[in-house]
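Q: from the sequence below, what's the structure:
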Amino acid sequence: MGRYTEWQWGKNQRNTYLRDFEKRFHWLAENPLLGKHRSDISKGYYSYPQGQHVIFYLIGQGCIEIIGIPHKEMDIVSYFLPD
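A: As a prediction, the model looks like this:
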């Protein structure tokens, strides 16, 4: 994601985009239930949009576990299918 952003829009935009993700991760860790519950994909999955992507995560004790960050245009169900 970072390499593609840098290739497409430059280093400054890459840094901004990745910094925004880091801020969102911390915010989600503090507010995990504000994400959308995604039992349609798997038990315990939550999602939250960020830019052109969607952050998928599980809620732990005092933390979240990021399990995927697909592009918002991807087939999300296929993204989580086992290989």
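Q: now the helices for the protein?
A: Assigned by DSSP state H, the helices in the chain fall at 2-9, 11-30, 76-79.
Q: just checking, what packs against the longest one?
A: Applying 3 or more C-beta pairs under 8 Å, 6 or more residues apart in numbering; DSSP states H and E, we find helix 11-30 packed against helix 2-9, strand 45-50, strand 53-59, strand 64-68. C-betas here are computed from N, CA, C, even on glycine.
Q: from Asp75, how far out is Pro49?
A: According to C-beta to C-beta, to the nearest Å, Pro49 stands 16 Å off from Asp75.
Q: neighbour-wise, which of those two wins?
A: Using other C-beta atoms under 10 Å as the criterion, Pro49 and Asp75 rank with Pro49 on top: 12 against 9.
Q: would you agree the more buried one is in contact with Glu73?
A: No: using C-beta atoms under 8 Å, Pro49 is not in contact with Glu73, being 12.0 Å away.
Q: residues touching the residue nearest the centre of the chain, list them.
A: The centroid of the chain falls nearest to Ile55 when counting by C-alpha atoms, centre = their mean (1.6 Å). With contacts defined as C-beta atoms under 8 Å, 6 or more residues apart in numbering, Ile55 is in contact with Phe21, Arg24, Phe25, Leu28, Gly35, Ser47, Tyr48, Pro49, Ile66, Gly68, Ile69.
Q: where does pLDDT dip in the protein?
A: Filtered on pLDDT under 70, the chain yields no residues whatsoever.
Q: what do you get if the cut-off is 90, keeping everything else the same?
A: Scanning the chain for pLDDT under 90 picks out the ranges 1-10, 13-14, 62, 77, 80-83.
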